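attaching a predicted model along with its sequence, questions to come.
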Amino acid sequence: MQNKKSLLKRLLFIYIAFFLVIVAGIIHNVLGDFGRGAETGMKMGEEIAARLQSGDPRMIYLLGNIHIIAQPELDIQSSDKQINLKARISQLELFVDEPAENSSPIHLALHSVGGSIGLYLLTLLVPLLFIAIIVLMVLIIHSLRRSIRQEKTLDRRNVRCLRAIGVLTILSELVNALADRIMNLHAARLLDGSGFTVDTGFQLSYTMIIMGILILFSAEVFAIGQNLSEEQKLTI
């Protein structure tokens, strides 16, 4: 029994370390973008409100993460006259300003990302998925602590939570990639003839996909271990 308790403590430590790494990655990737997005959104909201008050309503929205694969030559003036500089742009953020007659403030707000309510909802879905992942992590760690106190083996809820985390990790990346592709397709139409060529391919972060697969793999390992433990109890 003491060996079992020691094993559970080591397992709890591994879970906490593993999930802290995941949470740190989420905070770094999501909250950094959230902070920048909130500042940008405030400025756009102020401009939309000012246009509404002036009687000239405009639909102002953002197209972010636009991947550029070709561009016109862009020279930059250096402070040193003997040095020539040329810029290469690999990613753009486009702020689009379109006429929006007879549009309500709610309509303009819901179209502030990508000019589409669908894109607005997709961008909101990604942080919600990450919040769900963090909640499931907390539930697993709480369950492990309870197992140590009661000196019991892990229950099947941990395996189900772990599977859910793996699926949500992969799903969050797919949703994010889908939103990026829709924005890039829209940007490609707007930039047609400008000299900029947009990469309209499906851009996936394989790091997140592999992480989700590894989480699913670890869930199945735990499930096999549980089944073997139950079979041993039955034979005894």
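Yes, it's here. Numbers count the residues shown, from 1 in each chain.

which stretches of this protein have low pLDDT?
Counting by pLDDT under 70, the chain has low-confidence residues at 1-12, 14-16, 18-41, 147-155, 225-236.

how far is the strand ranked longest in it from where the chain is centred?
Residue-count comparison of every strand in the chain, with assignments taken from DSSP state E, identifies strand 58-70 as the longest. Strand 58-70 sits 18 Å away from the centroid of its parent chain (Cα atoms, centre = their mean, to the nearest Å).

mind starting the numbering at 27 from now?
Sure thing, new numbering starts at 27, so read that last one as strand 84-96.

mind listing what's buried in that strand?
Using 16 or more other Cβ atoms under 10 Å as the test for burial, strand 84-96 gives R84, M85, I86, Y87, L88, L89, G90, N91, I92, H93, I94. In short, each C-beta sits where N, CA and C put it, glycine included.

what's the closest of these to Q103?
In terms of Cβ to Cβ, no member of the buried residues of strand 84-96 lies closer to Q103 than I94, at 21.6 Å.

hmm, L118 and that closest one touching each other?
Yes - here I94 lies in contact with L118, judged by Cβ atoms under 8 Å, at a distance of 5.9 Å.

overlap in contacts, these two.
When contacts are counted by Cβ atoms under 8 Å, 6 or more residues apart in numbering, I94 and L118 are jointly contacted by F222.

contacts for the longest strand of the chain, please.
Contact with strand 84-96 is made by 66, 70, 73-74, 77, 115-126, 129, 134, 137-141, 206, 209-210, 212-213, 216, 221-225, 229, as judged by Cβ under 8 Å, 6+ apart.

can I get the CA coordinates of stretch 73-84 in CSV?
Extracted in CSV, the C-alpha atoms of stretch 73-84 (Å, rounded to 0.1, in the frame of the first residue of the first chain):
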residue,chain,number,x,y,z
GLU,A,73,-13.4,55.0,-34.1
ILE,A,74,-16.7,53.2,-34.9
ALA,A,75,-18.5,55.2,-32.2
ALA,A,76,-17.1,58.4,-33.5
ARG,A,77,-18.2,57.6,-37.1
LEU,A,78,-21.7,56.8,-35.8
GLN,A,79,-22.0,60.0,-33.9
SER,A,80,-20.9,62.0,-36.9
GLY,A,81,-23.6,60.4,-39.1
ASP,A,82,-21.2,58.5,-41.3
PRO,A,83,-21.4,54.8,-40.0
ARG,A,84,-18.5,52.7,-41.2
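
centre of the chain to that stretch, how far?
In terms of Cα atoms, centre = their mean, the centre of stretch 73-84 is set 32 Å apart from its chain centre.

buried set for it?
Of the residues in stretch 73-84, I74, R77, L78, P83, R84 count as buried by neighbour count, 16+ other Cβ under 10 Å.

and for stretch 239-248?
Counting neighbours by 16+ other Cβ under 10 Å, one finds that the buried residues in stretch 239-248 are I241, L242, S244, A245, F248.
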